[in-house]
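# Kindly return the folded structure for what I paste below:
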Amino acid sequence: MARALELARRGLTTTMPNPRVGCVIARAGKVIGEGFTQPAGEDHAEIQALKDCASRGASPAGATAYVSLEPCSHHGRTPPCVDSLLGAGLARVVAAVGDPNPRVAGEGFRRLRAAGVQVETGLLADEARELNVGFFARMERGRPWVRVKMAATLDGRTALADGRSQWITGGAARRDGHAWRARACAVLTGIGTVLQDDPRLTVRDVGVTRQPVRVIVDRHARTPSAARVFAAGRVWVFAATAPPPDWPAHVETVALADATGKVDLEAMMRELARREVNEVHVEAGARLAGALVAAGLADELLVYLAPSLLGDDARGMFALPPLASLEERIRLRIASVDPVGEDWRVVARFESGGR
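Below is the predicted model:
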């Protein structure tokens, strides 16, 4: 199963909206086939592993398949993997965790058992779930996993008072940040960042075969038509008003206003889930980042801390409502702290999804 998870990680930036899954077929302690899920519409991990068996001249009949997620049992972009496993004559299937997709949700296990295949679950379940944290979030709660990325000094400042921020962190941290962008389905920012920095929001410092969709929260549809974020590729703008006529044709505008006339952030996240977005990577200013945290829509912080200070006049990380007491503070759990070049990367998770 550890090998299956290792294989699954090879699809970290390519399988979406499908989960990252690995499969190892073994007999008598010897691996006879292995594979991992390919881009959407292509082979799932189990099919790749069965094909690998054939390429090695090994029959999977009577063997055990170790798979990091319950085999699918429905027709989606591809046929059910359960049918292929049954057709191959597997005697045993060991799955790390069940598939949260309501179209599967135990049906794969049921069909295997009904055909006489021995099924075991739970081996390295936490690791398998963590690898697909966005897929589980989308299926179980109808919202993507939201990761808010920040680059800050040790005193928590992200830019000078006039907004200049290039560069607070070093090249290694910036490259690492692009690797985290690459695993996301969508990179999200606000109009303030677009106007201040004119970002591209693309993955550039690591090799990828796909680019995440770019998402802009732009209440009044003020993004300039020549903005770099509007370059070719999928761009979705969530606004509370109609777009101007000079926006590029490939830019899709989604009108989602709340009762106050602002973009409804919770409705936006549910719409992103409906569009099969598993993980959202947020790179925004203090106002939008704070709004996501205050609304309980942020799941994780990805913070790069530089060994420097900017002082009280510089811009902070999150614009949050004032607190009446320390008991109201937003609590997080530190998941990891690692050096990245001259800086430090801190990954922290909200104890209760923000507020």
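
# Show me where the stretch 251-355 of the chain dips below the pLDDT cut-off.
352-355 (pLDDT under 70).

# Excluding covalently adjacent residues, which one is nearest to the residue positioned nearest the centre of the chain?
Taking Cα atoms, centre = their mean, the centroid of the chain lies closest to E279, which sits 2.4 Å from it. Once flanking residues are discounted, E279 sits nearest to G134: 3.6 Å by Cβ to Cβ, 6 or more residues apart in numbering. Yep, even glycine has a C-beta here, placed from its N, CA and C like the rest.

# Please report the distance of the one you found from A186.
Distance, G134 to A186, by Cβ to Cβ, to the nearest Å: 10 Å.

# Equivalent analysis for Q166, please.
For Q166 relative to A186 (Cβ to Cβ), the value is 23 Å.

# what about those two, which has more around it?
A186 (23 against 9; other Cβ atoms under 10 Å).

# Just grab the bridge partners of the more buried one for me.
When bridges are called by DSSP bridges, A186 pairs up with V213, V280.

# what sits against it?
Contact analysis of A186 by Cβ atoms under 8 Å, 6 or more residues apart in numbering lists 144, 212-215, 236, 272, 277, 279-281.

# same thing with A239?
Neighbour list for A239: 218-221, 253-256, 263 [criterion: Cβ under 8 Å, 6+ apart].

# Equivalent analysis for T13, please.
T13 touches 182-183, 208-210, counting by Cβ under 8 Å, 6+ apart.

# of all the residues you listed, which comes closest to E120?
Using Cβ to Cβ, R183 comes nearest to E120 of the contacts of T13, at 29.2 Å.

# Which elements pack onto the one helix or strand V194 maps to?
Assigned by DSSP states H and E, V194 belongs to helix 191-197. Other helices and strands packing on helix 191-197, by 3 or more Cβ pairs under 8 Å, 6 or more residues apart in numbering; DSSP states H and E, are strand 213-217, helix 286-294.

# Give me the contacts around it.
163, 165-166, 199, 216-220, 222-224, 227, 229, 283-285, 287-288.

# and these, which are buried?
Among these, the ones that count as buried by 16 or more other Cβ atoms under 10 Å are 165, 216-218, 223, 227, 229, 283-285, 288.

# how about the strands in the stretch 151-300 of the chain?
In the stretch 151-300 of the chain, the segments counted as strands under DSSP state E, counting those that start in this stretch are 186-190, 213-217, 235-239, 251-255, 279-282, 300-306.

# That'll do, ta.
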